[in-house]
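Participant: Starting from these lines, generate the structure:
(4 chains)
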2 protein chains.
Amino acid sequence: MTCSIARTLDVIGEPWSPLILRDIWVGFSRFEQLQADLGISRKVLTERLNHLVDRGVIERRPYDQRPRYEYVLTAKGRELVDVLMVMVAWGDKWLAGTAGPPVLYRHHACGEISHVDLVCAHCGKPMHADDVEVLPGPGASRSTA
Amino acid sequence: MTCSIARTLDVIGEPWSPLILRDIWVGFSRFEQLQADLGISRKVLTERLNHLVDRGVIERRPYDQRPRYEYVLTAKGRELVDVLMVMVAWGDKWLAGTAGPPVLYRHHACGEISHVDLVCAHCGKPMHADDVEVLPGPGASRSTA
DNA sequence: ACGTCTGAGTTCCTTGAGGGAACCCCAAGC
DNA sequence: GCTTGGGGTTCCCTCAAGGAACTCAGACGT
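Facilitator: Numbering: from 1, shown residues only, chains lettered A, B, ... in the order given. All right, here's what the predicted structure looks like:
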């Protein structure tokens, strides 16, 4: 489908993929760690990891003489974490409940506990759902995308 | 699971939900429009719409004397579109191919074709995967979240 | 009064993906 | 040479997605 959302979902749209990516992001890099932390079936974990490697968002690397491997984010994968960070911000705001957010994020640049906000890459002002007009682009083929 | 990503995925984690949300965002608000545009089965579309209504991200409204309904984003839903906008930015950058992005977004504030960028809500500087430190928060229960 | 059209779903059947548990391979270490 | 432990495969079984047909309710034309 000619839609960047659909294409992105082709990479992280399957049920477990975002959680796998998050775990790798925060440092769970080995197969057994991921399986234990997520409670995912080993079969599906294998499939998802292969898929993410195929799409170039993670890389499979040996870390021992023995056949031991770890998974690390590529540059493409690190940028995909942006999507997760926005999910965190939204989930913290709308779904955290009385206990408060389960995880906090300290921003290195300012040292404060914070969360992400969206701005226009061009002018730097806030950019949200109602702040844009949707137009067909060069790669468009059908009515929508 | 005590993880804001997992909780967000409970709302838009099922395969079609993000695409449904996108369609409603860009103005496809009726059942028949959504079904035709997405090619989703009517059964699953019904389930997804009900689920999104239950979670409070869209609202079902009659628009006629006859039993005709349209779906519109709530405030909660409009903020969830932030996630889609980041997916668009990432998909445009990494998956658009030679044809270029299928859809363009004009930012009302500056009038330019642009895309979103992530900044720290506290200090306004860029905030991405490597710019944060992850700490357990008040709502934490287990090792990770 | 009657058929019909249209939007908005339901129902039923069939297929494919996810869960679970067990099994396999290989290298080190004892 | 037997065990251990990480990193997967294989097999079966259930449940969710797809597809096509059916339903229902209110307007509208005649």
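
Participant: Report the buried residues of stretch A:102-110.
Facilitator: Judged by neighbour count (16 or more other C-beta atoms under 10 Å in any protein chain shown), stretch A:102-110 contains these buried residues: A:102-105, A:107, A:109. C-beta: built from backbone N, CA, C; applies to glycine.

Participant: Need the distance between the two termini of it.
Facilitator: The first and final residues of stretch A:102-110 sit 21 Å from each other (C-alpha to C-alpha, to the nearest Å).

Participant: swap in stretch A:109-125?
Facilitator: With C-alpha to C-alpha, one end of stretch A:109-125 sits 20 Å from the other.

Participant: Residue numbers of chain A in contact with DNA strand D?
Facilitator: Chain A comes close to DNA strand D at residues A:30-33, A:42-43, A:46, A:49, A:60, A:63, A:66-70, as judged by C-beta under 7 Å from any atom of the strand.

Participant: ok, so of these, who is nearest A:E133?
Facilitator: When these are compared for distance to A:E133 (C-beta to C-beta), A:L49 wins out at 39.2 Å.

Participant: mind checking how far the residue of chain A most remote from its centre is from A:E59?
Facilitator: Here the centre of chain A is the reference, and by C-alpha atoms, centre = their mean the most remote residue is A:Q65, at 30.7 Å. Distance from A:Q65 to A:E59, counting by C-beta to C-beta, to the nearest Å: 19 Å.

Participant: do A:P102 as well
Facilitator: For A:P102, the distance to A:E59 - C-beta to C-beta - is 28 Å.

Participant: Next, the angle from the host helix or strand of A:V88 to helix B:75-95.
Facilitator: For A:V88, the enclosing helix or strand under DSSP states H and E is helix A:75-95. With axes from the mean of the first three to the mean of the last three C-alpha atoms, to 10 degrees as the basis, helix A:75-95 and helix B:75-95 are set at 180 degrees to each other.

Participant: Now do the buried residues in helix A:75-95.
Facilitator: In helix A:75-95, the ones that count as buried by 16+ other C-beta under 10 Å are A:76-92, A:94-95.

Participant: low-confidence ranges in chain A?
Facilitator: Low-confidence segments of chain A, defined by pLDDT under 70, are located at A:1, A:141-145.

Participant: All the strands of chain A, residue numbers only.
Facilitator: Taking DSSP state E as the test, the strands found in chain A are A:58-62, A:69-73, A:103-107, A:116-120, A:132-136.

Participant: any idea which of the ones you listed is most buried?
Facilitator: Burial among those, expressed as mean neighbours by mean count of other C-beta atoms under 10 Å in any protein chain shown, is greatest for strand A:116-120, which shows a mean of 23.

Participant: From the contact counts, what lies against that strand?
Facilitator: In terms of contacts (3 or more C-beta pairs under 8 Å, 6 or more residues apart in numbering or on different chains; DSSP states H and E), strand A:116-120 is packed against helix A:75-95, helix B:75-95, strand B:116-120.

Participant: Nice, that's everything, thank you.
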